[in-house]
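no sequence for this one, just the structure:
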């Protein structure tokens, strides 16, 4: 690590703005995709498949981008991800626009949207590995968890603003939030281009070795990350359906109300990451262990609830749990390997959430079509098993 303190501070600020913009864009998508998909005639499983296909792409591509950041530099990979995400989102929104205008029948729209989202995900996959690896480069072992927590907090700031602003914009059209999110990530891309210092470490001249998912140093975190985000994806993908069907809402009302609930959830995560994590000094696996019971309670509330207040409270409790779990997962994986492997481990770690999101939306929408409460009971049981797994793993002291 050879950056001056001023350069490191500038790098951190630019990274935080970048991931906040992506957090905004992703949260807006989850708030509007379900009602928007129904508007063009898609069924629940098709909507889930769009997310699953892009998430599977992220899973496959993220490790490649992570290793590429070791060779080409973190800054270059981050810029590819941000500019690519902006262009891909505009194209994705354009396909929806064509379907809404009647130029595409539902089946054609589904195929086009899936292809567009896969293309978008291919370049979008560069953002998180580059950001996490850059943050690892400019932090020490002692403050690594705090640095990863800051990235999570920035993502949650975007996730707070996304539903709030997106919900208001949905009153114009359901597509307006998507176009605005593309503009926001484009602004972040130009900001990174102008202000992000060159990477803290000289790029490797040789091709870095592949870090295996089964590497015993990180395997417990891989298992925890995949199942953590699979359960989370089940809930995220079905929650808009749950609100709309239980509360008898229109598409616009669903986007607005779900957006507000997601905003509260992200605010709860932000509170944990800005206030609790810096003060508690918990080991990564302890953060995971504390988060599981909280989210099990939230999922049970989603299963049995039938009012907006209960659903919103469940989202807040889920946000508290994810505020602990996300940084615990990322920091634990980063601390488990050497400084020379940070790009590789960032790619592996960044691919675990997409793998969970590749499985979760399809599974969640299938369970929801069978019984609306079933996705949440299944997620609750999954987190119960994951909680037992974290208890069984002996964590190495950093």
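Okay, I see it. In this text, all values refer to a predicted model and were calculated from it rather than measured experimentally.

show me where the stretch 201-350 of the chain has helices.
Chain-ordered helices for the stretch 201-350 of the chain, with DSSP state H, counting those that start in this stretch as the definition, fall at 219-247, 251-271, 277-280, 284-304, 308-335, 342-370.

just send the ones you listed back as a markdown table, with distance to residue 211 and mean neighbour count too.
Placement of C-beta: from N, CA and C, glycine included. Formatted as a markdown table, the helices of the stretch 201-350 of the chain follow (distance: least, Cβ to Cβ, whole Å; neighbours: other Cβ atoms under 10 Å):
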| stretch | distance to residue 211 | mean neighbour count |
| --- | --- | --- |
| helix 219-247 | 10 | 24 |
| helix 251-271 | 28 | 23 |
| helix 277-280 | 26 | 14 |
| helix 284-304 | 18 | 22 |
| helix 308-335 | 10 | 24 |
| helix 342-370 | 4 | 25 |
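
what's the closest of the ones you listed to residue 133?
Nearest to residue 133 among the helices of the stretch 201-350 of the chain is helix 342-370 (3.9 Å), distances taken as Cβ to Cβ.

just the buried residues of the one helix or strand residue 192 maps to, please?
Under DSSP states H and E, the secondary-structure element containing residue 192 is helix 176-195. By neighbour count with 16 or more other Cβ atoms under 10 Å, helix 176-195 contains the buried residues 176-182, 184-186, 188-189, 191-192.

ok, so of these, who is nearest residue 57?
residue 185 (17.6 Å).

so where's this structure uncertain?
1-6, 145, 199-210, 340, 343, 395-398 (pLDDT under 70).

biggest helix in it by residues?
When the chain is scanned for its longest helix (criterion: DSSP state H), the result is helix 5-39.

pull out the buried positions in that helix.
8, 11-12, 14-39.

list the buried ones in stretch 370-380?
The neighbour-count check on stretch 370-380 (16+ other Cβ under 10 Å) flags 372-380 as buried.

contact partners of it?
231-232, 234-235, 238, 241-242, 245-246, 295-296, 299-300, 302-304, 363-364, 367-368 (Cβ atoms under 8 Å, 6 or more residues apart in numbering).

check the gap between residue 345 and residue 219 for me.
Per Cβ to Cβ, to the nearest Å, residue 345 is found 12 Å from residue 219.

and for residue 172?
Shown here: residue 172 relative to residue 219, a distance of 47 Å by Cβ to Cβ.

equivalent analysis for residue 29, please.
Residue 29 sits 31 Å away from residue 219, going by Cβ to Cβ.

now swap in residue 50 and tell me
Using Cβ to Cβ, one gets 30 Å for the distance from residue 50 to residue 219.

which residue packs closest to residue 68, ignoring adjacent ones?
Closest residue to residue 68 in three dimensions, ignoring its sequence neighbours and counting by Cβ to Cβ, 6 or more residues apart in numbering: residue 77, at 5.7 Å.

so what's the residue count around that neighbour?
Number of residues near residue 77 (other Cβ atoms under 10 Å) recorded here: 28.

quick check, residue 46 in contact with residue 110.
Yes. Assessed by Cβ atoms under 8 Å, residue 46 is found in contact with residue 110 at 5.0 Å.

between the two, which one's more packed in?
residue 110 (22 against 19).

residues touching the more buried one, list them.
Residues counted as contacts of residue 110 (Cβ under 8 Å, 6+ apart) are 42, 46, 49-50.

any idea which element it lies in?
Counting by DSSP H and E, the element that carries residue 110 is helix 106-124.

and residue 80, by the same measure?
helix 74-100.

buried residues in that helix?
By 16+ other Cβ under 10 Å, the buried positions in helix 74-100 come out as 74-90, 92-93, 95-97, 99-100.

check stretch 42-53 too.
By neighbour count with 16+ other Cβ under 10 Å, stretch 42-53 contains the buried residues 42, 44, 46-53.

next, the distance between the ends of stretch 31-51.
Criterion Cα to Cα, to the nearest Å; first-to-last residue distance in stretch 31-51 is 13 Å.

three-state assignment of residue 197?
The three-state label given to residue 197 by DSSP: H, G, I helix; E, B strand; the rest coil is coil.

my bad, residue 103
Secondary structure of residue 103, per three-state DSSP, is coil.

burial of the nearest residue to residue 357 once chain neighbours are set aside, as a residue count?
The spatially closest residue to residue 357, leaving aside those adjacent along the chain, is residue 55, at 3.5 Å (Cβ to Cβ, 6+ apart). The number of residues packed around residue 55, counting by other Cβ under 10 Å, is 27.

element containing residue 55?
helix 44-72.

angle of that helix against helix 342-370?
Computed with axes from the mean of the first three to the mean of the last three Cα atoms, to 10 degrees, the direction of helix 44-72 lies at 180 degrees from that of helix 342-370.

helix 44-72 packs against which elements?
When contacts are defined as 3 or more Cβ pairs under 8 Å, 6 or more residues apart in numbering; DSSP states H and E, helix 44-72 packs onto helix 5-39, helix 74-100, helix 106-124, helix 127-137, helix 219-247, helix 342-370.

those helices: which one's closest to residue 67?
helix 342-370 (5.6 Å).

any idea how far that closest one is from the chain center?
On the basis of Cα atoms, centre = their mean, to the nearest Å, helix 342-370 sits 9 Å off its chain's mean C-alpha point.

got it, and stretch 153-171?
Here stretch 153-171 shows a centroid-to-chain-centroid distance of 14 Å under the convention Cα atoms, centre = their mean.
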